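K.L.:
can't give you the sequence, but here's the structure:
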């Protein structure tokens, strides 16, 4: 190690000593600060796949400091450590109230889907279904793959929620699962396509090409339904959240959007 590197390291260690004295009232030795520095470097290792939630960071730090601190230091550390955990839990729980308006809007949107949108789409769904009667096996395959995508997405929602929010944000969990249910009722083809494997994409491309032949007629048939949905979502958002200028929603604006008609499921994918 060069003198310059040693000087930089000493400065880093002094920063760590000051930080933990301020946050945990610990008086770390230089050797302890060096070990904490190594722990921080490991914790902050760049990765596109692996990262800690804040609660996992708390646990990792706790386990690491057991081997760095003296018994007397660790006893003092535990007290401050628990205080910081409780503070973060309180802040996370308070943030859950921010999702109340979004949740109310999503509940109303779900009711609209069930009482108005899906019945309005039934006629178009039957027309498309008849037009693709010779491709029923491919359509059923695509729907089965969408069901797998939905199941995986729901698992992801649950794992990520409890990883980052524990049981502290029930409104956010309800909102996330409700939004997932909306994707069961009105399939999200854009997201599905982004996660397709090659065999599924080949089938999807074939069906998209065939569907495109009737694109103009389908869009015309969806015009009233699309406009009604656009107006409802705008009014619903304004009612619960506030007006968002320039915000709009359509069902069938381009070719990809029409694929949701093939994915519509009378059983709503079991959601």
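P.N.:
Thanks, I have it. What you see is a predicted model; the values in this text were computed from it and never measured.
K.L.:
C-alpha from now on. contacts and neighbour counts both.
P.N.:
Will do.
K.L.:
Let's verify residue 80: helix, strand, or coil?
P.N.:
On the three-state scheme (DSSP: H, G, I helix; E, B strand; the rest coil), residue 80 is labelled helix.
K.L.:
neighbours around it, how many?
P.N.:
Burial of residue 80 is recorded as 16 neighbouring residues (other CA atoms under 10 Å).
K.L.:
got the contact list for it?
P.N.:
With contact set as CA atoms under 8 Å, 6 or more residues apart in numbering, residue 80 has these partners: 23-24.
K.L.:
List the buried residues for stretch 13-32?
P.N.:
Applying a neighbour-count criterion of 16 or more other CA atoms under 10 Å, the buried positions in stretch 13-32 are 13-14, 16-18, 20, 24, 26, 28, 32.
K.L.:
Give me the contacts around that stretch.
P.N.:
The contact list for stretch 13-32 (CA under 8 Å, 6+ apart) reads 33-34, 36-37, 68-69, 73, 76-77, 80-81.
K.L.:
Tell me the gap between that stretch and the middle of its chain.
P.N.:
Taking the mean of its C-alpha atoms, stretch 13-32 sits 37 Å from the chain's own mean (CA atoms, centre = their mean, to the nearest Å).
K.L.:
rewinding a little: may I see the buried residues of stretch 13-32 organised as TSV, with secondary structure, distance to residue 104 and pLDDT added?
P.N.:
Putting the buried residues of stretch 13-32 into TSV (DSSP: H, G, I helix; E, B strand; the rest coil; distance: CA to CA, whole Å; pLDDT from 0 to 100) gives the following:
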residue	secondary structure	distance to residue 104	pLDDT
13	helix	50	93
14	helix	50	93
16	helix	46	95
17	helix	48	95
18	helix	46	95
20	helix	43	95
24	helix	41	92
26	coil	47	95
28	coil	50	97
32	helix	51	96
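K.L.:
Beyond the helix or strand bottoming out on mean pLDDT in the chain, next helix or strand please.
P.N.:
Counting by mean pLDDT, DSSP states H and E, the weakest-scoring helix or strand in the chain turns out to be helix 255-258, with a mean of 61. With elements assigned by DSSP states H and E, the helix or strand that comes after helix 255-258 is helix 260-263.
K.L.:
And that following helix, what does it pack against?
P.N.:
helix 118-131, helix 136-164 (3 or more CA pairs under 8 Å, 6 or more residues apart in numbering; DSSP states H and E).
K.L.:
which residues make contact with the helix or strand following the last one from outside it?
P.N.:
Translated: helix 136-164. Stepping forward along the backbone from helix 136-164, the first helix or strand reached (DSSP H and E) is helix 170-185. Taking CA under 8 Å, 6+ apart as the criterion, the residues outside helix 170-185 that touch it are 96-97, 99-100, 102-103, 106-107, 110, 113, 118, 150, 154, 157-158, 161, 264-265, 268-269, 271.
K.L.:
roughly how far out does helix 170-185 sit from the chain middle?
P.N.:
The chain centre lies 10 Å from the centre of helix 170-185; the measure is CA atoms, centre = their mean.
K.L.:
now that helix against helix 118-131, angle please.
P.N.:
What separates the directions of helix 170-185 and helix 118-131 is an angle of 40 degrees, with axes from the mean of the first three to the mean of the last three CA atoms, to 10 degrees.
K.L.:
Pull out the buried positions in the helix or strand following helix 170-185.
P.N.:
On the C-terminal side of helix 170-185, the closest following helix or strand by DSSP H and E is helix 189-194. Across helix 189-194, burial judged by 16+ other CA under 10 Å covers 189, 192-193.
K.L.:
same check, this time on stretch 148-161
P.N.:
Applying a neighbour-count criterion of 16+ other CA under 10 Å, the buried positions in stretch 148-161 are 149-150, 154, 157, 161.
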